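1. Got a sequence here, can you model it:
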Amino acid sequence: MQQLHEALIEKVNQKTKPIGSLGKLEELAIQIGLVQQTLSPTIINPTIVVFAGDHGIASTGLVNPFPQEVTAQMVYNFVNGGAAINVFAKLHAVDLSIVNAGVAAEFPGDLPIIHASIAKGTKNYLTDFAMSETQANQAIETGKSIVQDIYKSGCNTIGFGEMGIGNSSSAALIMSNLLQIPLEKCVGAGTGANIEQKLNTLKQVSNFHELEINKYTPVDLLQRVGGFEIAMMMGAFLEAYSNDMLILVDGFIATAAFLLAHKTNSQIVSNAVFAHCSHEKGHTTMLNYLHVKPILQLDMRLGEGTGAALAIPIIKSACAMINEMASFETAGISS
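-> Sure, this is the predicted structure:
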């Protein structure tokens, strides 16, 4: 690995440019080469998987201005090509898969999505566990299986997005427990919630599940305050790493799922490219905790994997640089 690392640095440094002048692109080219174990990294069949799931707490309206039905409506919007992720994926030639991880609705069997529902939404974690241990493990394994199938189809670069009314609350609770920091530093507007009401509600959730007292394992935490889409993303991240895929990490909620995967296997960060810094409160703290720097800063907080899609042309550019730029030697330029 050290030998390859040095060879990648040398290859980048010999390109017809001052050393370091392509900044982050140079770092990306080297990272992708290490992930793929090659001096000539390539992005093959890049794919984004959007996991959709509902949260029991959303039915109360305490943490979300949009009604729970919007999750199912957005699944149809994805299928019809009308969402932001559809537009960006089409523009940048990214394959897109939509997964029903646990939406509180019935979808026709012939709807072109991956039908993998664990249940019709989680339970309301204000008064109950969000899911059972069996459901948490089932969701993680389902996420792994979905990625395994995509990997076998010839994909080496994958990103994950999500859709679920109320899921920024779940992500904030997960973040607070894993990082052992107060909820005040984790809770943001999400889809536009009343911050004070949202924070007070989530403090009640935290007290109910003793999140400030106990440091839970990923599965324990998912049981208490997780979402099926977050659990599937956790499994998806782990499986992508086990297949030596390049992993694109999207925003706040995707990074919460990544934190769960990272808690299980900290080596996963070596394969991860953090697409952007979300405008959602708490994301910068997550990134700092992981000691990573995002590619983009566009003040986005939509989710859906939109940041991951926008990062694709940048990582393709990094690969093109290391593969196609002339070296001082081949160009006959003095270095």
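
2. can you count the residues close to the closest residue to A93 other than its chain neighbours?
-> Take A93 and drop its neighbours on the chain: the residue closest to it by Cβ to Cβ, 6 or more residues apart in numbering is P46, 7.6 Å away. From N, CA and C alone the C-beta is placed, and that goes for glycine too. Neighbours of P46 under the rule other Cβ atoms under 10 Å: 23.

3. just the one 5 residues further on next, same as before
-> The tally of other residues near F51 (other Cβ under 10 Å) stands at 34.

4. these two touch, right, it and G161?
-> Yes: assessed by Cβ atoms under 8 Å, F51 is found in contact with G161 at 7.4 Å.

5. Break the protein down into its domains, please.
-> 2-41+321-331, 47-315 (automatic domain parsing).

6. what would the ones you listed look like in CSV with mean pLDDT?
-> Formatted as CSV, the domains of the chain follow (pLDDT from 0 to 100):
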stretch, mean pLDDT
domain 2-41+321-331, 97
domain 47-315, 96
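
7. Out of these, indicate the one that is most buried.
-> domain 47-315 (a mean of 21; mean count of other Cβ atoms under 10 Å).

8. for it, how far is the first residue from the last?
-> 13 Å (Cα to Cα, to the nearest Å).

9. Look up how far Q180 lies from N214.
-> 10 Å (Cβ to Cβ, to the nearest Å).

10. same deal with G23?
-> Applying Cβ to Cβ, the value for G23 to Q180 is 34 Å.

11. How about F228?
-> Distance, F228 to Q180, by Cβ to Cβ: 25 Å.

12. for the stretch 101-250 of the chain, what spans make up the helices?
-> Per DSSP state H, counting those that start in this stretch, the stretch 101-250 of the chain carries helices over the ranges 133-152, 167-179, 195-208, 218-225, 228-242.

13. need those in CSV with distance to V292, can you?
-> Formatted as CSV, the helices of the stretch 101-250 of the chain follow (distance: least, Cβ to Cβ, whole Å):
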stretch, distance to V292
helix 133-152, 21
helix 167-179, 14
helix 195-208, 26
helix 218-225, 19
helix 228-242, 14
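
14. Which of these sits closest to T284?
-> helix 167-179 (11.6 Å; Cβ to Cβ).

15. Mind exporting the C-alpha coordinates of that closest one to PDB?
-> Extracted in PDB, the C-alpha atoms of helix 167-179 (Å, rounded to 0.1, in the frame of the first residue of the first chain):
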ATOM      1  CA  ASN A 167     -35.400  11.800   9.400                       C
ATOM      2  CA  SER A 168     -33.300  14.800  10.300                       C
ATOM      3  CA  SER A 169     -34.500  14.300  13.800                       C
ATOM      4  CA  SER A 170     -33.400  10.700  13.800                       C
ATOM      5  CA  ALA A 171     -30.000  11.700  12.400                       C
ATOM      6  CA  ALA A 172     -29.600  14.400  15.100                       C
ATOM      7  CA  LEU A 173     -30.400  11.900  17.900                       C
ATOM      8  CA  ILE A 174     -27.900   9.400  16.500                       C
ATOM      9  CA  MET A 175     -25.300  12.100  16.100                       C
ATOM     10  CA  SER A 176     -25.800  13.300  19.700                       C
ATOM     11  CA  ASN A 177     -25.400   9.800  21.200                       C
ATOM     12  CA  LEU A 178     -22.400   8.700  19.000                       C
ATOM     13  CA  LEU A 179     -20.500  11.900  19.400                       C
END
